[in-house]
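In: Coordinates for the following, if possible.
(one chain, ligands or ions: 1)
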Amino acid sequence: MTSSPLRLAVIIGSVREGRFGPVVANWFADQARLHGAFEIDLVDLAEYDLPHALPAVSPRMEPNPVRPGNGMELARRLTAADAFVVVTPDINRSFPASLKTAIDWHYTQWDRKTIGFVGYGGNTGGLLAIEDLRAVFNELNAHTVRDNVAFPRYYLHFAPDGSLSDPAEHEDSANRMLDQLHWWATALAAARGATLAA
Ligand SMILES: Cc1cc2nc3c(=O)[nH]c(=O)nc-3n(C[C@H](O)[C@H](O)[C@H](O)COP(=O)(O)O)c2cc1C
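Out: Presented below is the predicted three-dimensional model:
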């Protein structure tokens with residue numbers, strides 16, 4: 001067992017030009033630092049160039065394929081994480097393709113880890129993306145926590161400087177989710193260690 005702090009990777013799922021995602025992700029990363037239970041790594045998928053064409057061999061045969069470009073660095077950052085928070089908009093009632101590509105290029109990185117969500121968007125506020133992501137991560141043997149943070153019509157909540165006009169409710173949601181992530185991350189890190197030692 002190690003006494004080093006648990007690591008939480010906060011993943012910015014949208015990569016489009018002019019995206020709002022980094023504002024939401026930076027707000028959440030600040031909440032996570034204030035919460036204090038995790039070391040935070042803010043992972044921006046826009047910095048990585050994983051192709052939409054997935055590897056020729058299935059992950060069950062080759063769980064850690066060579067990723068092109070700087071993709072190996074992304075794999076290393078995801079491997080190092082004990083827990084994840086995925087920051088996602090709703091795009092046509094689901095999550096963006098950039099996020100699906102990044103998820104599908106990885107396998108062991110999600111295995112027996114815990115995942116939370118921060119959603120934002122128009123009327124549906126990321127909630128449809130989050131429900132679809134739960135099914136995807138279930139297939140990858142990850143545990144998604146019950147609570148999430150959602151910003152329907154995010155432009156009504158965020159000031160131009162990235163702060164929230166009425167923060168209390170969203171801060172409470174973030175803290176509840178972080179508490180759940182910490183419980184699961186602690187349990188799963190110990191269990192993964194026990195598995196490795198067996
Ligand atoms: C193609 C497209 C589809 C969208 N579909 C939805 C949707 O189904 N539900 C919703 O609430 N918002 C929807 N939106 C609004 C986005 O969630 C919103 O523009 C958000 O800012 C996108 O995230 P980004 O700015 O970080 O890229 C859609 C936007 C686009 C461009």
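
In: in what helix or strand does residue 86 lie?
Out: strand 83-89 (DSSP states H and E).

In: Parallel or antiparallel, list what pairs with that strand.
Out: When pairing is defined by DSSP bridges, strand 83-89 lines up against strand 6-12 (parallel), strand 114-121 (parallel).

In: Please state the offset of stretch 80-90 from the chain centre?
Out: Relative to the centre of its chain, stretch 80-90 is centred 1 Å away, using C-alpha atoms, centre = their mean, to the nearest Å.

In: Buried ones in that stretch, by neighbour count?
Out: 81-90 (16 or more other C-beta atoms under 10 Å). Every residue, glycine included, has its C-beta placed from N, CA and C.

In: Regarding the chain, what is its longest helix?
Out: helix 168-197 (DSSP state H).

In: I'd like to know which elements that one is packed against.
Out: strand 6-12, helix 21-35, strand 38-44, strand 83-89, strand 114-121, strand 149-152 (3 or more C-beta pairs under 8 Å, 6 or more residues apart in numbering; DSSP states H and E).

In: Distance to the ligand and mean pLDDT added to these, as a markdown table?
Out: Formatted as a markdown table, those follow (distance: least, C-beta to the nearest ligand atom, whole Å; pLDDT from 0 to 100):
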| stretch | distance to the ligand | mean pLDDT |
| --- | --- | --- |
| strand 6-12 | 8 | 98 |
| helix 21-35 | 3 | 98 |
| strand 38-44 | 11 | 98 |
| strand 83-89 | 3 | 98 |
| strand 114-121 | 3 | 98 |
| strand 149-152 | 7 | 98 |
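
In: tilt between the least confident helix or strand in the chain by mean pLDDT and strand 38-44?
Out: Least confident helix or strand of the chain, by mean pLDDT, DSSP states H and E, is helix 168-197 with a mean of 92. If you take axes from the mean of the first three to the mean of the last three C-alpha atoms, to 10 degrees, helix 168-197 sits at 100 degrees to strand 38-44.

In: Of the helices and strands packed on helix 168-197, which is nearest residue 189?
Out: strand 6-12 (6.4 Å; C-beta to C-beta).

In: gap between the closest one and the chain center?
Out: 6 Å.

In: Could you give the bridge partners of the spatially most central residue of the chain?
Out: In the chain, the centroid-proximal residue (C-alpha atoms, centre = their mean) is residue 86; its distance is 2.4 Å. According to DSSP bridges, the residues that bridge with residue 86 are residue 11, residue 117.

In: Report the contact partners of it.
Out: 11, 13, 99, 115-118, 133 (C-beta atoms under 8 Å, 6 or more residues apart in numbering).

In: try 7 Å
Out: 11, 13, 99, 115, 117, 133 (C-beta atoms under 7 Å, 6 or more residues apart in numbering).

In: so who does the last one touch?
Out: With contact set as C-beta under 7 Å, 6+ apart, residue 133 has these partners: 86, 88, 95, 117.

In: Alright, that wraps it up for me.
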